[in-house]
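S.K.: Model the following, please.
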Amino acid sequence: MNLHSGLREYTLTSALKDSRFPPVTRDELPRLFCSVSLLTNFEDVCDYMDWEVGVHGIRIEFINEKGSKRTATYLPEVAKEQGWDHIQTIDSLLRKGGYKAPITNEFRKTIKLTRYRSEKMTMSYTEYLAHRQHHHFQNGIGHPLPPYNHYS
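M.R.: The predicted model follows:
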């Protein structure tokens with residue numbers, strides 16, 4: 001999927017279809033900020049402890065208690081914002097990925113871990129509208145854009 005289509009699709013999914021939250025309403029738009037993290041420098045590592053809190057994001061792959069392959073990921077800022085160490089982060093990721101059995105050190109050693117870095121960009125809705133209007137005029141169209149329809 002190309003970047004433009006992917007951002008559009010995942011924006012709508014996050015805003016309107018994430019079962020953890022009610023859908024975003026039009027009234028909320030002026031108070032929203034949108035962040036996009038570009039993930040880079042993926043490295044498979046041999047040891048599940050071979051990553052740095054606040055520097056690396058991590059993606060884990062493991063076999064759950066039913067024998068199914070599962071994955072879960074946290075961006076680099078998550079562990080630091082939560083005040084977690086390596087073990088707390090790994091254990092939280094296992095739970096996020098649906099692992100329900102007791103977590104042992106032996107099980108942690110079976111995890112396939114990929115570390116990565118991320119560059120995060122954030123923009124407010126007001127900044128987005130100003131940017132959109134500026135580029136509209138810059139492209140020689142010369143009249144104001146209609147109000148933004150978040151479904152388009």
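S.K.: From now on I want contacts and neighbour counts done on CA atoms only, so please keep to that.
M.R.: OK.
S.K.: Assumed residue 50 was part of a strand.
M.R.: No. Secondary structure of residue 50 (DSSP: H, G, I helix; E, B strand; the rest coil): coil, not part of a strand.
S.K.: and it, backbone torsions?
M.R.: Backbone geometry at residue 50, expressed as degrees, to the nearest 10, gives phi -90, psi 70.
S.K.: burial measure for it, as a count.
M.R.: Neighbours of residue 50 under the rule other C-alpha atoms under 10 Å: 14.
S.K.: And the helices in the protein, which stretches?
M.R.: Secondary structure of the chain (DSSP state H): helices at 3-16, 76-82, 86-96, 105-108, 125-138.
S.K.: Columns mean neighbour count and distance to residue 54 on top of these, output as TSV?
M.R.: Formatted as TSV, the helices of the chain follow (neighbours: other C-alpha atoms under 10 Å; distance: least, C-alpha to C-alpha, whole Å):
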stretch	mean neighbour count	distance to residue 54
helix 3-16	12	24
helix 76-82	16	5
helix 86-96	17	11
helix 105-108	11	20
helix 125-138	14	27
